[in-house]
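Q: sequence first, predicted coordinates after that:
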Amino acid sequence: MNDLEERLRAALDARAQTFEASPHAWARVRARRPRRHRGRLLLAALPMALLAVFVPVLLNGGLGRNTATDPDAVYQRLMRDRTAVGERLTVDDPAGGGPLRIWFAKAKLGYPEVCYAVERAAGEPYGGCSDVREQFPGGFDVSFMGSTLRDGAATAMDWGVASKDVGAVAGVTKSGQKITGTLVTPAGAPYQIWTVTYPAQDAMTMVEYADEQGRSLGKTSRDMLSEPLEPAMGAVAELADGVVARPHRTKDGVELDWLRHGARVAGSLVSTRDAPVSLSVNDDVVTGYARQDVTRIDVSFQAGTKATLETRPDPWNLGVVLFAGANPAGAPYKGYTAVAYDASGKEVWRHEELDQARRQEGAQAIGPVMSLPGTENSGRPVRVWFVKHTGSPVAMCASGGVSAGSENATWCAFAEEGSFPVQAVISYLPEPGNITHYGPARDDWEWVEAVLSDGRRVRAEFLRGEGAPQRVWHVSVPLGAQVAGYTLKVRGQAARPIPGVTKACGRKVASSESDRLALSEGVAAYLSGACLAFWEDGEMVPSLPGPVPGGKLGDLLDARRPAYWSHGDRAWYGYAPAGTAKVVITFTAGASATAQAVADPWGQGVTLFAGRTPKGADFGEGAVLKGYGADGNELWSSR
């Protein structure tokens with residue numbers, strides 16, 4: 001099975017979760033918390049609600065070979081193709097290093113970044129720039145960016161970026177200690193910088209954050225910065241450009257983890273059985289290990305730059321040599337050729353990594369590869385095409401865009417009956433920029449509209465290349481405009497609203513002074529515009545689709561989808577048609593639970609329900625919901 005077939009098979013498994021997603025999918029992803037790994041993976045179709053949760057490795061923008069002798073030289077090198085936004089912030093490193101300098105910048109393609117330069121007590125300074133546009137808006141209020149935690153230090157500091165809605169942060173350590181953090185907005189900066197200083201022996205596990213009135217907005221796991229590396233087999237090995245390596249044991253063998261400024265950038269099992277070199281390119285750094293006779297690796301990038309990496313013995317007697325260095329190509333990633341040499345200069349290994357997205361565009365494509373209107377002048381247009389896997393429907397695939405991880409990422413989706421796959425891409429150039437929403441369209445779709453939060457409607461256009469089996473719908477709105485939902489008109493049917501769900505929903509209303517509707521089991525709900533937010537015991541839990549502007553919640557319910565629901569840590573909740581008195585859920589293992597329903601106070605034509613989750617319940621695809629009236633008769637059923 002080739003790469004394309006594997007991706008399409010994965011997309012087939014996920015096709016029921018394009019837009020008409022499993023209602024608990026968002027909660028599952030929230031529970032997992034995204035890790036900041038940045039491999040070269042191709043993405044299958046995902047629910048719209050999940051698209052914003054992918055978090056890129058926050059180490060974007062290389063230095064070339066480390067020839068800088070002071071942080072100012074690092075700054076000048078980083079800003080070669082960037083424009084500073086706001087003043088620089090200088091923070092003392094409690095671990096005993098030199099000052100940490102942090103600032104915001106506008107990348108060459110227009111998106112915002114946070115940059116840093118680290119001055120070390122021993123070793124050359126280094127730094128990097130990290131894309132933050134996927135965090136705000138629509139992502140996290142607070143993101144981890146880096147850490148000064150290192151072996152032998154008594155005190156460490158984690159830091160990151162916060163939206164301006166955040167009024168307070170606190171770090172939570174392994175022992176459960178809460179440590180108040182700081183929030184600083186450099187003059188002219190678009191976001192805040194947060195820091196938390198803590199004892200190194202009691203490391204942070206998460207950061208909690210609240211609004212200016214002290215009301216909880218949520219928490220973010222530190223795992224997105226670096227996963228636990230236990231049980232470690234020894235102290236870290238310090239390599240070039242701020243990269244450190246540490247081995248730890250897994251059930252499959254010894255794994256080497258590579259970190260830079262506290263963030264995990266790569267990891268791989270240690271084995272030279274299949275190849276003498278294991279190499280990983282993660283935007284601004286190259287890391288890896290090799291057979292002991294390898295002394296040098298040259299990496300030539302398609303952008304025309306080259307990195308030469310010298311090896312050093314591993315200090316843990318694993319039988320390999322280690323290497324690391326900056327990727328002078330930086331972003332965008334476009335493939336490379338790596339060649340390894342022994343001490344005599346003899347070539348012992350060669351590997352070519354192609355630009356995977358470009359390679360896949362023409363593979364088994366039906367019809368042309370097309371540039372998506374609205375992105376053609378962005379500096380990196382989105383490209384769309386159609387493919388078909390044996391025994392599956394036609395799939396639309398797309399790649400590109402200015403996203404720092406999108407150059408080699410592919411999104412595939414199926415326009416099946418009853419579904420509405422949708423993707424959105426930001427173009428910052430030409431200024432003032434726009435957001436293009438798009439997806440595959442069936443032939444019986446007469447029109448699609450994007451409905452903005454203020455009620456304005458923008459009609460989509462259709463694109464169909466010569467020989468393409470389907471159309472692509474697309475609509476562009478100004479950058480900053482909020483699409484709250486869509487309206488779809490299918491031939492022979494009444495136009496139906498398609499709600500839009502974003503992770504920004506809950507925090508938009510978290511600081512509202514209005515009363516929340518109290519439900520059972522400590523669950524509360526609040527409707528604001530197109531956002532229906534929920535809290536469990538005062539902590540925000542996944543929101544549910546609100547009404548498309550100009551309509552009601554009841555408009556979203558029909559025989560095919562009689563209820564929307566999700567769950568938190570100990571309760572499940574949702575809304576159903578008016579007249580529903582109770583809702584019973586039956587799990588795949590046979591357990592069941594009951595939720596009591598109450599009429600909504602907002603005149604939305606629904607009832608809201610909440611119930612306790614039984615122990616061991618699995619919110620899998622086989623869970624069945626049934627709604628009953630006050631007389632005990634079944635009104636509806638939904639999977």
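A: Thanks, I have the structure now.
Q: wait, what's in contact with the residue lying closest to residue 343 once chain neighbours are set aside?
A: Closest residue to residue 343 apart from its sequence neighbours, by C-beta to C-beta, 6 or more residues apart in numbering: residue 295 at 4.9 Å. C-beta here means a position set from N, CA and C on the backbone, and glycine is covered the same way. Residues near residue 295 by C-beta atoms under 8 Å, 6 or more residues apart in numbering: 310-311, 321, 341-343.
Q: distance of residue 295 from residue 277?
A: Distance, residue 295 to residue 277, by C-beta to C-beta, to the nearest Å: 12 Å.
Q: same question for residue 564.
A: 50 Å.
Q: which elements pack onto the helix or strand where residue 575 lies?
A: According to DSSP states H and E, residue 575 maps onto strand 571-577. Contacts defined by 3 or more C-beta pairs under 8 Å, 6 or more residues apart in numbering; DSSP states H and E place strand 571-577 against strand 523-528, strand 531-536, strand 539-545, strand 564-567, strand 582-586, strand 592-599, strand 606-612, strand 634-638.
Q: kindly recompute the last result at 6 Å.
A: In this structure, strand 571-577 packs against strand 564-567, strand 606-612, with contacts taken as 3 or more C-beta pairs under 6 Å, 6 or more residues apart in numbering; DSSP states H and E.
Q: TSV for the ones you listed, including mean neighbour count and distance to residue 371?
A: Shown next, in TSV, are those (neighbours: other C-beta atoms under 10 Å; distance: least, C-beta to C-beta, whole Å):
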stretch	mean neighbour count	distance to residue 371
strand 564-567	23	36
strand 606-612	24	42
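Q: please name whichever of the ones you listed is nearest to residue 521.
A: strand 606-612 (4.9 Å; C-beta to C-beta).
Q: quick one: that closest one to strand 571-577, angle?
A: Interaxial angle, strand 606-612 versus strand 571-577 (axes from the mean of the first three to the mean of the last three C-alpha atoms, to 10 degrees): 160 degrees.
Q: so what angle separates the directions of strand 606-612 and strand 592-599?
A: Using the same axes, to 10 degrees: strand 606-612 against strand 592-599 is 140 degrees.
Q: and the angle for strand 606-612 with strand 523-528?
A: Using the same axes, to 10 degrees, strand 606-612 lies at 150 degrees relative to strand 523-528.
Q: doesn't residue 77 lie inside a strand?
A: No: if the criterion is DSSP: H, G, I helix; E, B strand; the rest coil, then residue 77 is helix and not within a strand.
Q: ranking the helices and strands packed on strand 571-577 by mean pLDDT, which is last?
A: Mean pLDDT values for the helices and strands packed on strand 571-577 show the minimum at strand 564-567, a mean of 93.
Q: quick revisit: Serialize the contacts of residue 295 to CSV and add fields for distance to residue 154, neighbour count and pLDDT.
A: Shown next, in CSV, are these (distance: C-beta to C-beta, whole Å; neighbours: other C-beta atoms under 10 Å; pLDDT from 0 to 100):
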residue, distance to residue 154, neighbour count, pLDDT
310, 33, 13, 96
311, 33, 24, 97
321, 32, 20, 97
341, 42, 17, 97
342, 43, 16, 96
343, 41, 9, 96
